[in-house]
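**Student:** sequence first, then the predicted structure:
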Amino acid sequence: MPSPSRPGLLREPDFARLFAATALGQLGDRVVFLALPLVAIVALHADEFQVGLLTATTTAGSLLVGLPAGAWVDRLRKRSVLIGTDLARALVLLTIPMASWAGLLTMRRLYAVALVHGVLTVFFDVAYAGCLPHLVGRDRLLEGNAALSAVRAATGIGGPAVAGTLVGWAGAPATLLAGSFGMAVSGLLASGIRTREPRPEPSERRRLGREIKEGLTFVLRRPALRAIILSDALFNLFLVMYQTMLLVFLERGIGLGSFGIGLVLSGMGCGALLGALCATRVSTWIGHGRIIWLAPLLTCPPTALMPLSRPGWSVYVAAAGLAALSLGGVVRVVAQSSFQQALAPDRLLGRTTATARFVSWGGIPLGGLLGGACGSAFGATTTLWIGAAGMTLSVVPNALSPLRSVRGFPTAHDPEFAR
């Protein structure tokens, strides 16, 4: 187990490899985040509902395989899952530029790629969260999560600007080549991790339903975890409604080109980087439980600046509100991810992550559909208002839970968190 007196985690070879793999994978992911909907908006001239349906399809994997993914990943070594899913995602993304060059690109094909990519991402994320405790030890989870959040935030700054430039130069379909390349290299870097977690003990009669139920029971019987995933579900529902119409608003309402949209999203990356850099200090100062609900309470309201903006300088003032949202979001995610990992025993790490993801991400496809429907019925501006209000109100379950006064990380043996 690492001790606090040891050098920083980046000096430890295996964590450095995970850090580098995260950087390349997230750079690819940032490119995909911008380029995939722009393929629909610009190349295929999709309407608001089709953009919302694409968002829903991208995130439907959480509902389709969210719970069994945790049980399956707990049967495997997490490193192997990371490598396999990264390489598979890279191959899936390649089909978009290939279809475009062949003149076969359609919205149906885009939906199919988004769905498969989303399912693979569920397995990747579950394995990723379960891998970290084995690499750094439970006493350094906050440090490890903060460092990985920092690199994700840094790629969030450069990624959209690079992606916006590539979209303007080569077109949105071809830009996905960069996303595919980033994920492929991420998988190769992850293959260099030498630390091997203990092989999961085989069971004579493994029953998927029983394993899923065990993970659900562990999470849902703990008030703090229940509150976290409920608040997350509400936040993600309204965030996706907001994000679904954000690109439409910026491209059609404000008149920003792909480079300008990339700059706005890069500003969000700046906020996320600042949040990652200060997450450990702020969480320790305010309390690991309290920061989970205070951070979004303070940083969600400024998102209302975006629907107030007009072409010109005001849109960049509104972008500062999005940067604040990212800052608070990273501080919250670092704290609550570390909280969940500290509370879960090793054999349930995958299922705890998958259960939390299934519930808290379950509203994301619905958010995409609602965002598209609201955009079609009321316009992108009104949808942004609804999203901003909903994100702010999502703090209520956490604020009313035991998290309102928790300062340190729990263990499964703490009476307050046992049930």
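**Tutor:** Now that the structure is in, tell me what you want to look at. Fair warning: this is a prediction, and the values are worked out from it, not measured in the lab.

**Student:** in what helix or strand does the residue nearest in space to the middle of the chain lie?
**Tutor:** Geometric centre of the chain, nearest residue: D125, 8.5 Å, by Cα atoms, centre = their mean. Following DSSP states H and E, one finds D125 within helix 107-136.

**Student:** tell me, how many residues neighbour R221?
**Tutor:** When neighbours are defined as other Cβ atoms under 10 Å, R221 has 11 of them. Glycine gets a C-beta too; all of them are placed from N, C-alpha and C.

**Student:** phi first, then psi, for it.
**Tutor:** Phi and psi for R221, reported as degrees, to the nearest 10, are phi -80, psi 0.

**Student:** how about A227?
**Tutor:** A227 adopts backbone torsions of phi -60, psi -40, taken as degrees, to the nearest 10.

**Student:** with A60 instead?
**Tutor:** Torsion angles at A60 (phi, psi; degrees, to the nearest 10) stand at phi -70, psi -20.

**Student:** give the contact list for Q340.
**Tutor:** With contacts defined as Cβ atoms under 8 Å, 6 or more residues apart in numbering, Q340 is in contact with A129, L225, I228, T352, T353, A356.

**Student:** make a PyMOL selection of the buried ones in these.
**Tutor:** In PyMOL, this line selects whichever of the contacts of Q340 come out buried by 16 or more other Cβ atoms under 10 Å:
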select buried, resi 129+225+228+352+353+356
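
**Student:** tell me the one of the contacts of Q340 nearest F339?
**Tutor:** Nearest to F339 among the contacts of Q340, counting by Cβ to Cβ, is I228 at 7.3 Å.

**Student:** hmm, that closest one is touching Q336, no?
**Tutor:** Yes. If you go by Cβ atoms under 8 Å, I228 and Q336 touch, sitting 5.3 Å apart.

**Student:** what sits in contact with each of these two?
**Tutor:** What both I228 and Q336 touch, as defined by Cβ under 8 Å, 6+ apart, is the set I292.

**Student:** coming back round to it: so how many other residues sit close to the nearest residue to the residue nearest to the centre of the chain once chain neighbours are set aside?
**Tutor:** Once flanking residues are discounted, D125 sits nearest to R357: 6.7 Å by Cβ to Cβ, 6 or more residues apart in numbering. By the criterion of other Cβ under 10 Å, R357 has 23 neighbours.

**Student:** quick one, the helix or strand where R357 lies and helix 107-136 angle?
**Tutor:** In this assignment (DSSP H and E), R357 forms part of helix 349-360. Orientation of helix 349-360 against helix 107-136 (axes from the mean of the first three to the mean of the last three Cα atoms, to 10 degrees) gives an angle of 140 degrees.

**Student:** quick one: contacts of helix 349-360?
**Tutor:** Residues from elsewhere that reach helix 349-360 (Cβ under 8 Å, 6+ apart): 62-63, 66-74, 78, 122, 125-127, 129-130, 133, 211-212, 214-216, 218-220, 225, 228-230, 232-233, 236, 340-341, 343-344.

**Student:** just the C-alphas of it, formatted as CSV.
**Tutor:** What follows is helix 349-360, C-alpha atoms only, in CSV (Å, rounded to 0.1, in the frame of the first residue of the first chain):
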residue,chain,number,x,y,z
LEU,A,349,-16.0,-2.7,-7.2
GLY,A,350,-17.3,-3.4,-10.7
ARG,A,351,-20.9,-3.9,-9.6
THR,A,352,-20.9,-0.9,-7.4
THR,A,353,-19.7,1.3,-10.3
ALA,A,354,-22.1,-0.4,-12.7
THR,A,355,-25.1,0.0,-10.4
ALA,A,356,-24.4,3.6,-9.7
ARG,A,357,-23.8,4.2,-13.4
PHE,A,358,-27.0,2.4,-14.4
VAL,A,359,-29.2,4.5,-12.1
SER,A,360,-27.4,7.8,-12.4
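
**Student:** still on that earlier bit, how about the contacts of Q340 in TSV, adding pLDDT?
**Tutor:** Shown next, in TSV, are the contacts of Q340 (pLDDT from 0 to 100):
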residue	pLDDT
A129	71
L225	83
I228	86
T352	75
T353	72
A356	74
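
**Student:** between the contacts of Q340, which sits nearest T280?
**Tutor:** For the contacts of Q340, the closest approach to T280 (Cβ to Cβ) belongs to A129, at 17.9 Å.

**Student:** A227: how many residues sit nearby?
**Tutor:** 23.

**Student:** which ones are touching the residue nearest to it when sequence neighbours are not counted?
**Tutor:** Distances taken as Cβ to Cβ, 6+ apart place S401 nearest to A227, at 3.4 Å, with adjacent residues excluded. Listed by Cβ under 8 Å, 6+ apart, the contact partners of S401 are P223, A224, R226, A227, I228.

**Student:** any idea how far P223 is from S401?
**Tutor:** According to Cβ to Cβ, to the nearest Å, S401 stands 6 Å off from P223.

**Student:** now do W313
**Tutor:** Relative to P223, W313 is positioned 46 Å away (Cβ to Cβ).

**Student:** okay, these two: which has more neighbours?
**Tutor:** Neighbours per residue, other Cβ under 10 Å: of W313 and P223, the larger number sits with P223, 16 against 9.

**Student:** flag the shaky bits of the stretch 1-150 of the chain, pLDDT-wise.
**Tutor:** Along the stretch 1-150 of the chain, segments meeting pLDDT under 70 span 1-8, 138.

**Student:** repeat that for 80
**Tutor:** Applying pLDDT under 80 to the stretch 1-150 of the chain flags residues 1-11, 25-34, 42-43, 48, 52, 55-56, 59-78, 125-126, 128-150.

**Student:** quick one, helices of it?
**Tutor:** For the stretch 1-150 of the chain, the helices defined by DSSP state H, counting those that start in this stretch occupy 13-38, 48-59, 61-74, 78-101, 107-136, 141-170.

**Student:** ok, how many other residues are close to R11?
**Tutor:** Look at R11: counted by other Cβ under 10 Å, it has 9 neighbours.

**Student:** and it, how far from A147?
**Tutor:** Between R11 and A147 the computed distance is 11 Å (Cβ to Cβ).

**Student:** same deal with S266?
**Tutor:** Using Cβ to Cβ, we find S266 at a distance of 21 Å from A147.
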